[in-house]
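> Coordinates only, no sequence provided:
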DNA sequence: CTGAAAGCGCTTACAG
DNA sequence: CTGAAAGCGCTTACAG
């Protein structure tokens, strides 16, 4: 397996190395006839450019970084798949960087990473999208980035997002359609933009239906199974319990289901439960869980393509379009 | 952020570039006094070697590849975390490569990857550990690899493994201890070494208890929720149903739980259920699932360290030690 | 539209 | 124990 290099292709095609380079990089200004000769030689020799040499010469690593800190492995995996799709398409490599957002040494670790690997760009997910120190560091290293986030206020255009407010309202509409009027809500972690938006969708849907927010129907689930179970038990043991509970994540919905089971409340006959995220567990619970599918893979791919396009053109052209969430109705919700 | 280079450090320290290189790479044969001068300069300038230049010059990418195809996102995430730990420790980068093992173009894709990225080594997980074509390709590219696998026969020493046979026997012992004698088994995909080993542990445990294998107690679950539900229903609707069902993966155990619920069989009162893998769903199901924890993160880290050690020393020294699985008893199993 | 020369920042022999 | 020279395989200006 002797490595084939640019010069070998040039020799075979009878052109200069520079011309081969032009063809490899899809640069304009090569006569069709010449291009064909080169492509033929590339194919014949099975040439693949050496990434290290490309990086060194062009002063770009051909690498993009992905930083995340999310308890849901399903989310992480889909995220990676989406970004990888964009990477493969454009010949970029992916450096994954799972991080603990509470880690004090985070900035230092990122700094070392940026200095040694010299990533051409970065993709950030919550809560790093809201971390000023991280954003400042990237600016300092002049590393372009794209955020994947449920935010909709345009603080930056380097953003790929879902509209969690309307997704939440869509879920509420499903419950209203089934006849529910008394609907409980399990909130995620405070100050996380995603949870705020989901909650605000709940409130807006209530208002649109002429209902006002009843604080006794809302409880904190902190995005965990355990806290949601406790919260749901509290909601269900009141005099006038809800007929449906909307948990703003699937893990929390699983906790609600557990609380209901423990209280001998049958789902969906006596209580409808719905989640958010379409985590795999939604299909494995009994009953299966009505939820909202977040097109994470698509979002991530779009983020990757947006970033790479910007890197290539050094322009700010590429625009992200919001991606619709999808309501998945399963067994856990039913008519009142 | 002008990049600091080797020569800058050399100038400041008053030595040659080669000497700085020696210090950076921990090469022996540098006078302590010289070394200190260099380290001081490195610190002062905050120097980090350019990976691309290192790769090009030394003809090693400082990258290791991880190839997997597993439906469980929890497994994938833990796997990555473990390997990343080893990578961080030794300054290697990780290239993840999720693949479909049924993909016809797989070999070609891998070939391109090997040719362009020139990974120094690879870590393989099932079913690629059993794929001759992949192994041959790696040999052709002289790319060292380490396998993470439930195999125990020493076809190669480049192997980090768990002993699924004894893990399976351990689970059986738990059921015997609870008084169960009629124990059903849901098999995973045939010809996958993991499922064969788990099944063989089941059989050996039966024999050790003076019981013989009853084919009516065994059904195929194909490692999926859906198939396991069907399989469990079959086992449970016989004249003489099992009092416990051992599903050889948690996803399949979730399917068994669904079948039991549909048949109005209460768990664990009338039926004990246990799984394998300690997937997160094991904690989110109601009742929570007794299962076997596979120390995937530890395994992966060991695999990473084994590989990198070999790459560095170009030796075959580092030895992997088998890692014990751990029985996790939860609500889904109880006395007969 | 095409090419010859210089250079990216390291490491590899080799020499002393 | 230390260093000067050449080279890794590309791309970047620049020239024609």
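Structure received. As the structure is a prediction and not an experimental result, all values here were calculated from the model.
> my guess is residue A:274 meets residue A:252, correct?
No - judged on CB atoms under 8 Å, residue A:274 makes no contact with residue A:252 at a distance of 10.6 Å. Any C-beta I mention is one placed from the backbone N, CA and C, and that applies to glycine too.
> So which of those two has more stuff around it?
More crowded of residue A:274 and residue A:252, by other CB atoms under 10 Å in any protein chain shown: residue A:252, with 32 against 29.
> Checking the more buried one next. Helix, strand or coil?
helix (DSSP: H, G, I helix; E, B strand; the rest coil).
> correct me, but it touches residue A:189?
No - between residue A:252 and residue A:189 there is no contact under CB under 8 Å: 10.6 Å.
> Which neighbours do the two have in common?
Here residue A:252 and residue A:189 have residue A:223 as joint contacts, going by CB atoms under 8 Å, 6 or more residues apart in numbering or on different chains.
> Would you list the strands that the helix or strand bottoming out on mean pLDDT in chain A pairs with, along with their directions?
Every helix and strand of chain A was ranked by mean pLDDT, DSSP states H and E. The lowest is strand A:159-161, at a mean of 78. Note on strand A:159-161: by DSSP bridges, its sheet partners are strand A:145-149 (parallel).
> ok, residue A:6 - contacts?
Contact analysis of residue A:6 by CB under 8 Å, 6+ apart lists A:17, A:20, A:21, A:24, A:47, A:49.
> from those, which single one is nearest chain B?
When those are compared for distance to chain B (CB to the nearest CB), residue A:49 wins out at 6.5 Å.
> Count the neighbours of the closest one for me.
Counted with other CB under 10 Å, residue A:49 comes out at 20.
> Make sure it is indeed in a helix.
No - Residue A:49: not assigned to a helix; according to three-state DSSP it is coil.
> Give me the below-cutoff pLDDT ranges for the stretch 151-300 of chain A.
Along the stretch 151-300 of chain A, the model assigns pLDDT under 70 to residues A:151-157.
> so which helix or strand takes in the closest residue to DNA strand C within the stretch 51-200 of chain A?
Using CB to the nearest atom of the strand, the single residue of the stretch 51-200 of chain A nearest to DNA strand C is residue A:57, 3.6 Å away. Here residue A:57 sits within helix A:51-58, counting by DSSP states H and E.
> That helix to helix B:51-58, inter-axis angle?
120 degrees (axes from the mean of the first three to the mean of the last three CA atoms, to 10 degrees).
> distance between helix A:51-58 and the chain's centre?
Put simply, helix A:51-58 sits 30 Å off its chain's centre (CA atoms, centre = their mean, to the nearest Å).
> That one: what's the following helix or strand?
strand A:63-68.
> Give me the sheet partners of that next one and which way each runs.
Strand A:63-68 has these strand partners (DSSP bridges): strand A:93-98 (parallel), strand A:121-124 (parallel).
> pLDDT averaged over that strand - what is it?
Mean pLDDT, strand A:63-68: 93.
> Stretch A:35-50 now?
The model assigns stretch A:35-50 a mean pLDDT of 88.
> Is it positioned near chain B?
Yes - using CB under 8 Å from any CB of the partner chain, we find that stretch A:35-50 touches chain B at A:46, A:48, A:49, A:50.
> Could you turn the buried ones of these into a ChimeraX selection?
Only the buried entries of the residues of stretch A:35-50 next to chain B go into this ChimeraX selection, using 16 or more other CB atoms under 10 Å in any protein chain shown:
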select /A:48,49,50
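> filter the residues of stretch A:35-50 next to chain B by proximity to DNA strand D?
The residues of these that also fall near DNA strand D, by CB under 7 Å from any atom of the strand, are A:49, A:50.
> Between the residues of stretch A:35-50 next to chain B, which sits nearest residue B:107?
residue A:46 (13.3 Å; CB to CB).
> Excluding chain neighbours, what is closest to that closest one?
Once flanking residues are discounted, residue A:46 sits nearest to residue A:4: 6.5 Å by CB to CB, 6 or more residues apart in numbering or on different chains.
> Backbone torsions only: list them for residue A:220.
phi -90, psi 130 (degrees, to the nearest 10).
> picking up where we left off before, the residue nearest to residue A:46: neighbouring residues, count only.
Neighbours around residue A:4, by other CB under 10 Å: 19.
> Could you do residue A:220 as well?
Other residues close to residue A:220 by other CB under 10 Å number 17.
> how many other residues sit next to the residue lying closest to it once chain neighbours are set aside?
Counting by CB to CB, 6+ apart, residue A:220 lies nearest to residue A:187, which is 5.2 Å off, once chain neighbours are set aside. Counted with other CB under 10 Å, the neighbours of residue A:187 add up to 24.
> likewise residue A:185?
Neighbours around residue A:185, by other CB under 10 Å: 26.
> ok so, going back, looking at the strands paired with strand A:63-68, which is closest to DNA strand D?
strand A:93-98 (14.7 Å).
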